[in-house]
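# below: sequence and its predicted model.
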Amino acid sequence: MPYLTLDSLSYQLPDSTPLFTGLTVALPAGLTGLVGANGTGKSTLLRIAAGRLEPSGGHLSHGGRVSLLRQRFEPEETLAALFGAESGLALLDRCLAGQASAEDLAEADWGVEADLEAALSRVGLDGVNPRTELGRLSGGQQRRAALAALFFDCPEIVLLDEPTNDLDQEGRQIVRDLLLAYRNRGLALVASHDRALLEEMDRILVLEAGEGKVHPGGWSYYAAARAADRARAEARLERADSAVAAAEVSIAASARKAAGRARQGRALRASGSQGKMLTDAMKDRAERGAAGAARLAERRRAESRAEQAAARAALPPQVPRRLHAAASERSHGSVLRFRDVSFRFGDKLSVLNDLSMEMFAGERIALVGPNGAGKSTLLRLAAGLLEPDAGQIQRARVAFLDQQAEALGRGGTLREVFEQSHPELGRNAIQAALARMGFRGEAAAAQVRGLSGGERVQAALALVLAGAKPPDLLLLDEPTNHLDIAALEAVEEGLLAYRGALLVVSHDAAFLERLRLTRQITLPFCG
């Protein structure tokens, strides 16, 4: 049976920053989801497991052949080369053209082309010639082809890094189907932020604070365990806070009692009603008693503070990111209207043809349809970034967030971008808006061009919602593509708090379900 074992595995970045340390995990056959915030080392761990990268320390062992899902492709590379079958297909072509030697005829695999076509068909690339160059395929088609190649020669262990990126709903279902069929014959380690895919896993491996922990079951089981762990940790911290407060009250009460006894002793000595020897003895007993009580109270306070610190340290990390936006001023009426709108790119067939639709204040709509149906084009028309070839578009105040978060631009710091976009906001309000999405302190001075894809999306969403007058309609084009799960959950919370209309394109079913949509609009493919 295949297995993958990590024994005290560690890895340091080139600047000697530890990415993970002492990672010890034993993974059996089946499906394991790999999760963690961006930057915790998921992709690095997969490359180490695939033998593409040497760890800084520790050992890795595995039972079976390992295959890693391809992420990058050369445009001139053929599909057959992606499968490692280019020479075999070329040999077959020579044989069929009558240009082969007797040795070639003996070595030829006469079924290689049919095998490649069958593998491509399983991922929805029916009829695609294996000799096709990858540069002629879309990003989603390239991803499907890479998935077909991953499973082609039946490796015992497969490693997948964000396999559903660039895929529509059909493509995402293909990924799930491939993995479910593989579950009983191999080991799959899948790094993903796709919660629908993670729901299918047998276990979840979490990378956090340089360590790894395995949770049985799929995403919902892990999410429930995570919530329960946090609830227990918060209850422990609450008890510790109460104990510290009680200790402080006890010390203050002891001090008041000691001060009261001291006053009584001074008054008694001043009255002369008791002999000096007796009053001195009473004073000595009182001081010893007060000192003992004070030492006991201090010890309890020290113990309570130590427990408080331990409880706070044990609290699971929670990214303090939550978007906030002022309520939209438009509470009724139309926010977007298309009347017989048509659009085409150059001499190509129409992307949209005589489209009529209308959105009203507060509506939350998912725009769905196959790749190429014109969903992104419709959003750009709605935002005023494209002009229709025919028809009319009426819109209220809109904000558009595309997949590359171009609203941020490419230059300057985050703080400068916010100041330019929202001059009506003071420095403190801008700092607060950035802090709510995790850009605290010096992070607000980060250069926009240096942000990761996920950071760009978070910052851009905070930017469009930070103004004193938020948009009446927010347009979102695949906003979850580069987000880790913590950031994704923060964005979901922010969008739930946003009271304007929402028109979103996304293939993330869990994300759409969380948005509490009012309806969906389906675009047919008309290319």
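Yep, it's here.
# distance-wise, check residue 18 relative to residue 209.
According to C-beta to C-beta, to the nearest Å, residue 18 stands 11 Å off from residue 209. Quick note: C-beta positions are derived from backbone N, CA and C, even for glycine.
# tell me which element the nearest residue to residue 8 once chain neighbours are set aside falls in.
Residue nearest to residue 8 in three dimensions, not counting chain neighbours: residue 58, with 3.9 Å by C-beta to C-beta, 6 or more residues apart in numbering. Counting by DSSP states H and E, the secondary-structure element that holds residue 58 is strand 57-63.
# neighbouring strands for the helix or strand just after that strand, and are they parallel or not?
Going down the chain from strand 57-63, the next helix or strand is strand 66-68, by DSSP H and E. Based on DSSP bridges, the pairing partners of strand 66-68 within the sheet are strand 157-161 (parallel).
# gap between the strand it pairs with and the chain center?
Computed by C-alpha atoms, centre = their mean, to the nearest Å, the separation of strand 157-161 from the middle of its chain amounts to 19 Å.
# so which bits of whichever helix or strand comes after it are buried?
Scanning forward in sequence from strand 157-161 by DSSP H and E, the next helix or strand is helix 169-182. Taking 16 or more other C-beta atoms under 10 Å as the basis for neighbour counts, the residues of helix 169-182 that come out buried are 169, 171, 172, 173, 174, 175, 176, 178, 179, 182.
# how about stretch 109-124?
In stretch 109-124, the ones that count as buried by 16+ other C-beta under 10 Å are 112, 113, 115, 116, 117, 119, 120, 122, 123, 124.
# confirm the fifth one sits in a helix?
Yes: going by DSSP: H, G, I helix; E, B strand; the rest coil, the assignment for residue 117 places it inside a helix.
# measure it to residue 83 for me?
When C-beta to C-beta is the yardstick, residue 117 and residue 83 sit 11 Å from each other.
# common neighbours of these two, please.
residue 130 (C-beta atoms under 8 Å, 6 or more residues apart in numbering).
# next SSE after the helix or strand of the chain with the lowest mean pLDDT?
The helix or strand of the chain with the poorest confidence is helix 276-314; it has a mean of 66 (mean pLDDT, DSSP states H and E). Stepping forward along the backbone from helix 276-314, the first helix or strand reached (DSSP H and E) is strand 334-344.
# send the alpha carbons of that next one over as CSV?
The C-alpha trace of strand 334-344 is given here as CSV (Å, rounded to 0.1, in the frame of the first residue of the first chain):
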residue,chain,number,x,y,z
SER,A,334,-32.9,49.8,-10.3
VAL,A,335,-29.1,49.7,-10.0
LEU,A,336,-28.4,48.1,-13.3
ARG,A,337,-30.4,47.7,-16.6
PHE,A,338,-29.3,46.2,-19.9
ARG,A,339,-31.6,46.8,-22.9
ASP,A,340,-30.9,44.6,-26.0
VAL,A,341,-27.2,44.8,-25.4
SER,A,342,-24.8,43.1,-27.8
PHE,A,343,-21.0,42.9,-27.8
ARG,A,344,-18.3,41.2,-29.8
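# sheet-wise, list the partners of it with their directions.
Each strand paired with strand 334-344, and its direction, by DSSP bridges: strand 350-360 (antiparallel), strand 390-395 (antiparallel).
# what lies in contact with it?
Contact partners of strand 334-344, identified using C-beta under 8 Å, 6+ apart, comprise 350-361, 363, 374, 377, 381-382, 386, 388-396, 398, 472-473, 500-501, 503.
# over to stretch 6-23?
With C-beta under 8 Å, 6+ apart, stretch 6-23 has contacts from 24-26, 40-41, 44-45, 48, 53, 55-61, 207, 210-212.
# what subset of those residues is buried?
The neighbour-count criterion (16+ other C-beta under 10 Å) marks 25, 40, 41, 44, 45, 48, 55, 56, 58, 60, 207, 212 among these as buried.
# quick one: contacts for the residue most central in space within the chain?
In the chain, the residue lying closest to the centroid (C-alpha atoms, centre = their mean) is residue 484, at 1.2 Å. By C-beta under 8 Å, 6+ apart, residue 484 lies in contact with 36, 37, 38, 193, 454.
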